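S.K.: Okay, structure incoming, though there's no sequence with it:
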């Protein structure tokens, strides 16, 4: 069995085992109060919602709680949301709990943005350790800025570059050739990277990227490997430049008033089972990162292959990335962060694990 097959097998066993343990939980006691949560998930056509977020709220939680805890759970896609506004809606009490991407909701807190600075970490195991190290800082910021309880941290497959170069005979394409290109982004830090390589950052919500690429509003886009495949970016772009610019650090947060009003048994059940779900997310992300690259290229893939031309970063590309991270991404974020405390907290957690240091 090849490496990917082994990873898939281990992942399947881990997820099946976690679900079996969770669904075998004892029925809820009579003291647990009934509650229907208003929940927003991520994108309806992507696997995190279809395979994990949605089933947790609609099936697993009701079963685990003996029908006491239920949810009216819908994806951002179904609700017509972009993802940028969800934490403000949570704070207003429009929703009880939301899944989202940290850099989508960092408008009010540069510290939140620090969870996923572009290009800082190039491998998922280190990225997970970094997010765990940063969890307490995120929890504090979510509570202070949005009146929310942080309940989960997870990620998506690596965020890579997808470009329409027009000619599939092109087999090499360095980061230095991105100068002047209009590149889709969804966060300030990714915009810093794009400007650092001489490109022009264009902020476009995920659901609107394919038509933007079709119309030439953008020449390239940034997103995760499997999300790019599921959204059929291969229909509008020709090349996948495999430089890793992050893993779209994501979260589940609950309105703090809603959380505080829950009885202790409901809180305990949610914390226990969301820890199981969080582990499933990380395992799935590890599998889907490679799956997305394979399916967008020439396979192996369970479905149609995208036929994109993969381009691996050269030593020169890695040197460019290092320079851009140090002189654009970290310096600009440190200025947005604004205080030495904010910078020191990042340096002692994510920075320490990544082997880099932010400074103003």
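M.R.: On my side now, so go ahead. Not measured: the values here are computed from a predicted model. Numbering: from 1, shown residues only.
S.K.: now for whichever strand or helix holds residue 77, which elements pack on it?
M.R.: Element membership for residue 77, per DSSP states H and E: helix 76-79. Using 3 or more C-beta pairs under 8 Å, 6 or more residues apart in numbering; DSSP states H and E as the contact definition, the elements that helix 76-79 packs against are strand 35-41. In short, each C-beta sits where N, CA and C put it, glycine included.
S.K.: mind listing what the strand it packs on pairs with, with the direction of each?
M.R.: strand 69-75 (parallel), strand 97-101 (parallel) (DSSP bridges).
S.K.: Any buried residues in the first one, and which?
M.R.: Applying a neighbour-count criterion of 16 or more other C-beta atoms under 10 Å, one finds 69, 71, 73, 74, 75 buried in strand 69-75.
S.K.: So for the helix holding residue 77, mean pLDDT?
M.R.: Average pLDDT, helix 76-79: 96.
S.K.: Report the distance from the helix or strand just after it to the chain centre.
M.R.: On the C-terminal side of helix 76-79, the closest following helix or strand by DSSP H and E is helix 86-91. With C-alpha atoms, centre = their mean, to the nearest Å as the basis, the distance from the averaged C-alpha position of helix 86-91 to the chain average is 18 Å.
S.K.: and if you look at stretch 273-288?
M.R.: When distances are taken as C-alpha atoms, centre = their mean, stretch 273-288 is centred 12 Å away from the chain's centroid.
S.K.: Please apply the same query to stretch 198-218.
M.R.: Its chain's C-alpha centre lies 19 Å from the corresponding centre of stretch 198-218 when counted by C-alpha atoms, centre = their mean.
S.K.: Not counting it itself, show me its contacts.
M.R.: Counting contacts by C-beta atoms under 8 Å, 6 or more residues apart in numbering, the residues outside stretch 198-218 that touch it are 43, 77, 82-84, 164, 176, 178-186, 190-191, 194-195, 219-221, 223, 227, 231-233, 235-237.
S.K.: In strands, which of those residues appear?
M.R.: Cross-referencing the contacts of stretch 198-218 with the strands (criterion: DSSP state E) gives 182, 183, 184, 185, 220, 221, 223 as the overlap.
S.K.: which SS class is residue 333?
M.R.: Following DSSP: H, G, I helix; E, B strand; the rest coil, the label given to residue 333 is helix.
S.K.: Please list all residues in contact with it.
M.R.: For residue 333, the contacting residues are 110, 113, 114, 117, 189, 192, 358, by C-beta under 8 Å, 6+ apart.
S.K.: next one: residue 319
M.R.: With C-beta under 8 Å, 6+ apart, residue 319 has no contacts at all.
S.K.: Checking it next. Helix, strand or coil?
M.R.: Using three-state DSSP, the three-state assignment for residue 319 comes out as helix.
S.K.: care to break this structure down by domain?
M.R.: In the assignment given by automatic domain parsing, the structural domains of the chain cover 3-156+247-291, 159-246+304-354.
S.K.: What distance do you get for the residue nearest in space to the middle of the chain to residue 295?
M.R.: What sits nearest the mean C-alpha location of the chain, by C-alpha atoms, centre = their mean, is residue 248, with 2.8 Å. Taking C-beta to C-beta, to the nearest Å as the criterion, residue 248 is separated from residue 295 by 18 Å.
S.K.: next helix or strand past the lengthiest helix in the chain?
M.R.: In the chain, taking DSSP state H as the definition, the longest helix is helix 264-296. Downstream of helix 264-296, the next assigned helix or strand under DSSP H and E is strand 309-311.
S.K.: all helices of the stretch 1-150 of the chain, in order?
M.R.: 3-23, 47, 54-55, 61-64, 76-79, 86-91, 110-113, 124-133, 135-146 (DSSP state H, counting those that start in this stretch).
S.K.: ranking those helices by mean pLDDT, which is last?
M.R.: Per-stretch averages of pLDDT across these put helix 3-23 at the bottom, with a mean of 44.
S.K.: residues touching the residue nearest to residue 256 when sequence neighbours are not counted, list them.
M.R.: The spatially closest residue to residue 256, leaving aside those adjacent along the chain, is residue 147, at 4.8 Å (C-beta to C-beta, 6 or more residues apart in numbering). By C-beta under 8 Å, 6+ apart, the contact set of residue 147 is 91, 255, 256, 257.
S.K.: Leaving out the residues flanking it, which one is nearest to the first one?
M.R.: If I follow you right, that is residue 91. For residue 91, ignoring the flanking residues on the chain, the nearest one in space by C-beta to C-beta, 6+ apart is residue 146 at 4.8 Å.
S.K.: Does residue 310 touch residue 293 like I think?
M.R.: Yes: between residue 310 and residue 293 a contact is recorded at 6.8 Å, counting by C-beta atoms under 8 Å.
S.K.: tell me, what's touching those two both at once?
M.R.: In the contact map built from C-beta under 8 Å, 6+ apart, the residues linked to both residue 310 and residue 293 are 240, 242.
S.K.: what's around residue 98, how many residues?
M.R.: Residue neighbour count, defined by other C-beta atoms under 10 Å, stands at 27 for residue 98.
S.K.: Same question for the one 5 residues further on.
M.R.: The burial count assigned to residue 103 is 26, neighbours taken as other C-beta under 10 Å.
S.K.: Tell me where the model's unsure across the stretch 201-350 of the chain.
M.R.: Within the stretch 201-350 of the chain, no stretch falls below the threshold (pLDDT under 70).
S.K.: Swap in 90 and give it another go.
M.R.: Applying pLDDT under 90 to the stretch 201-350 of the chain picks out residues 205-207.
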